[in-house]
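*Asks:* How does the following fold in three dimensions:
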Amino acid sequence: MSRPPRIKFRKLDGILLLDKPQGPSSNQALQRARRLFQAEKGGHTGSLDPLATGLLPLCFGEATKLAGGLLGARKAYDTVAHLGVVTDTDDAMGQSLRERPVPDIGIPAIESALAELTGRLQQRPPIYSALKRGGEPLYAKARRGEEVEVEPREVDVFSFQLLPGSELFSGGGPLLRLRVECGSGTYVRSLVRDLGEMLGCGAHVAELRRLWVDPFIQPRMWTLEALEEQAGIGGLAQLDRCLLPVEAGMSGWARVDVDSAQARRLAFGQVVESRFAVPGEVAIFGPDERALGLGSVDESGVLRPRRLFSWAVETGGNPV
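*Replies:* As a prediction, the model looks like this:
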């Protein structure tokens, strides 16, 4: 039996807005897309659970230098909470731990509970999560049957709303359709779990879909099947049209513009003393409007390079 031909990977820079399917892990979805694009280097910007679907920004090549910043971005999800059943993973992929009858709950009581779960909260992440302790993910410890204690941590929930179409009141089943807008590190599974406890019956996530991640508020997402179809139409050249430039991921940082001389100083790892008026981490752009990378401006206005793109260093900050 002949082996499939080895993939010849290539240098590729850009951002893919993947519509992750249900089932594979975020890393499995990344590797499938990376092989399809034949990209040497790739990373994703925040894991989605295997159950979850929706927006998973993938960074190829130099765009991976932005991934850390995109991890902390604001996000929005649609989820379905199944009331009355608690699972060990807090979602439908786990084992049922207990079942309780769902009491007669009115919309005002549900909305009151949602309001209490909005704002800056102390949240206990699920024990089946990718958080690491001692260099090992918590889910690995939990699967071995080890006792896992998870400390609460502070998260931001900007909005937690009941959507039309919930079936708790129509006799179709104890399901609540919800929309969550939250900050980095927030677990929707934990929100649904805590909501269920507040309502006196427990709950788990039956469905979860990520709608957007800042700055991709109205994303044009691509499924893996659609990407395979594009590859069949026109190969790698057609696939590359599905990518966003690295600049598309930089709008979350304050922008500073530098001239050719300043770009050269940054390329050599030197600071630029021009009294830039935007303290903090910044996106640096050169005189040709091309992004050079990320830097930081201190309180005195001095700009320091942090993570410059390869072309900014290789060309001394000058356009190629």
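
*Asks:* now the helices: where do they sit in the protein?
*Replies:* Ranges of helices in the chain, per DSSP state H, are 26-37, 67-71, 107-116, 138-143, 188-198, 224-240, 260-267, 310-314.

*Asks:* nearest spatial neighbour of Ser159, skipping sequence neighbours?
*Replies:* Spatially, and ignoring its direct neighbours in sequence, Ser159 is nearest to Glu181 (4.1 Å; CB to CB, 6 or more residues apart in numbering). Every residue, glycine included, has its C-beta placed from N, CA and C.

*Asks:* The one you found contacts Thr79, doesn't it?
*Replies:* No: taking contacts as CB atoms under 8 Å, Glu181 lies outside contact range of Thr79: 11.7 Å.

*Asks:* between the two, who's got more neighbours?
*Replies:* Thr79 (23 against 18; other CB atoms under 10 Å).

*Asks:* now stretch 76-94: mean pLDDT?
*Replies:* If you average the pLDDT over stretch 76-94, you get 93.

*Asks:* Give me the buried positions along stretch 211-229.
*Replies:* Buried residues in stretch 211-229, defined by neighbour count with 16 or more other CB atoms under 10 Å: 211-213, 215-216, 219, 221-222, 224, 227.

*Asks:* Ok, stretch 179-195 next?
*Replies:* Within stretch 179-195, the residues that count as buried by 16+ other CB under 10 Å are 180-183, 186-195.

*Asks:* Now do the same contact list for Ser25.
*Replies:* By CB atoms under 8 Å, 6 or more residues apart in numbering, the contact list for Ser25 reads 47, 50.

*Asks:* Can you tell me how far it is from Arg193?
*Replies:* 21 Å (CB to CB, to the nearest Å).

*Asks:* Likewise for Pro152?
*Replies:* Applying CB to CB to Pro152 and Arg193 gives a distance of 13 Å.

*Asks:* Please apply the same query to Asp19.
*Replies:* For Asp19, the distance to Arg193 equals 26 Å [CB to CB].

*Asks:* Could you do Gly43 as well?
*Replies:* For Gly43, the distance to Arg193 equals 29 Å [CB to CB].

*Asks:* quick one, phi psi at the residue nearest the centre of the chain?
*Replies:* Nearest to the geometric centre of the chain sits Gly46, at 3.6 Å (CA atoms, centre = their mean). Backbone torsions of Gly46, given as degrees, to the nearest 10, read phi 100, psi 120.

*Asks:* show me what contacts it?
*Replies:* 26, 56, 70-71, 75, 184, 213.

*Asks:* Give me the pLDDT value at it.
*Replies:* 81.

*Asks:* before we move on, what about the one 4 residues further on?
*Replies:* In this prediction, Pro50 carries a pLDDT score of 93.

*Asks:* list the buried ones in stretch 41-55?
*Replies:* Quick answer for stretch 41-55 (16+ other CB under 10 Å): 42-55.

*Asks:* Can you name the two of the residues you listed that sit furthest apart?
*Replies:* Gly42 and Leu51 (22.7 Å; CB to CB).

*Asks:* Next one: the residue lying closest to Gly72 once chain neighbours are set aside relative to Leu36, how far apart?
*Replies:* Distances taken as CB to CB, 6+ apart place Ser184 nearest to Gly72, at 4.1 Å, with adjacent residues excluded. Distance, Ser184 to Leu36, using CB to CB: 28 Å.

*Asks:* Repeat that for Phe160.
*Replies:* Taking CB to CB, one finds Phe160 at 36 Å from Leu36.
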